[in-house]
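# sequence below, structure please.
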Amino acid sequence: MFSLAYKAFSETFSPPFRKVLWRSLGMTLVLMVILGAGGYYGIQEIPALSYGWANWLVEFVAAAFLVIALFFLAMPVTTLFAGLYLEEVAAVVEEVDYPQDRAGKDQPFFPSLWVAIKFTAVLIGLNILILPLIFVPPFYPIVAWSLNAYLLSREYFELVAMRHMSEKEAIALRRSRGFRIWASGLLVAGFAAIPILNLLTPLFGTAYMVHIFKKVSATNV
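Now for the predicted structure:
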């Protein structure tokens, strides 16, 4: 498992992967600038209060909230945009590392886009739901890590598997090897928890799950 993760990590910095990264980061930056500008102008529209210090405090809190929100949105938004190109990432790994195997089939663009949007929404939504656990320090990191391991492993494994089989077969294969795939997802979730590096999560997760899929499918025949 760790050797496959190291292999995927090394591939994450290869030229084809960097091309996908720059595309997704570029689109993320544009969206963040638009959201930031909208938030800034929204703050300016906050009704003035009677006391100057109260105005300053409200604007400061609103600006701080905007900065924090944009920071936490950066990774899931990058994940969303990178999701548009993950078929390309999977194809590169298959071609380079498994040239003897049958090439996978790219999924249509709009279904892939819809899947990426749904996954990003679920990822953000569930992580918001468990935020109250942050006040229970022993439990929050364990729950967050386990939950994200499941979500990330499910998403990237099925994306890779559906290049070679139907959605129903991909889900059945994932469930039949549930613990192994979830355990692999722990590494992806750990990777996603590292600031800055987490922007590479979609690339690393996809490359890693290509290797996991090859191992799992080989033992499933």
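
# okay, buried residues for stretch 35-47 please.
39, 43 (16 or more other CB atoms under 10 Å). (C-beta placed from N, C-alpha, C; glycine too.)

# what's the distance between the nearest residue to A48 once chain neighbours are set aside and I43?
Of all residues not flanking A48 in the chain, N55 sits nearest, at 5.9 Å (CB to CB, 6 or more residues apart in numbering). Distance of N55 to I43, given as CB to CB, to the nearest Å: 11 Å.

# can you report phi and psi for R163?
For R163, the backbone dihedrals (degrees, to the nearest 10) come out as phi -80, psi -10.

# what packs against the worst-scoring helix or strand of the chain on mean pLDDT?
For the chain, using mean pLDDT, DSSP states H and E, the weakest element among its helices and strands is helix 52-82, scoring a mean of 80. The helices and strands touching helix 52-82, judged by 3 or more CB pairs under 8 Å, 6 or more residues apart in numbering; DSSP states H and E, are helix 15-44, helix 109-129, helix 201-218.

# what is the orientation angle of the first one with helix 52-82?
Between the axis of helix 15-44 and that of helix 52-82 there is an angle of 150 degrees, by axes from the mean of the first three to the mean of the last three CA atoms, to 10 degrees.

# okay, now the closest residue to A5 other than its chain neighbours: neighbour count?
Leaving aside its sequence neighbours, A5 sits nearest to L187 (CB to CB, 6+ apart; 5.0 Å). Neighbour count for L187, taken as other CB atoms under 10 Å: 22.

# buried stuff in the helix or strand encompassing L187?
Using DSSP states H and E, L187 maps to helix 178-192. The neighbour-count check on helix 178-192 (16+ other CB under 10 Å) flags 180-182, 184-189, 191-192 as buried.

# cool, and stretch 163-176?
163-165, 170-171, 173-174.

# nearest to A207 among those?
Nearest to A207 out of those is R163 (CB to CB; 13.4 Å).

# for the residue nearest the centre of the chain, which non-adjacent residue is closest in space?
Of all residues in the chain, the one closest to the mean position by CA atoms, centre = their mean is T79, 4.1 Å from it. In space, T79 comes closest to P202 once its chain neighbours are excluded; the distance is 5.1 Å by CB to CB, 6+ apart.

# for burial, what's the neighbour tally of the one you found?
32.

# three-state assignment of the residue of the chain most remote from its centre?
What lies farthest from the middle of the chain is S50; by CA atoms, centre = their mean that is 44.6 Å. Three-state call for S50 (DSSP: H, G, I helix; E, B strand; the rest coil): coil.
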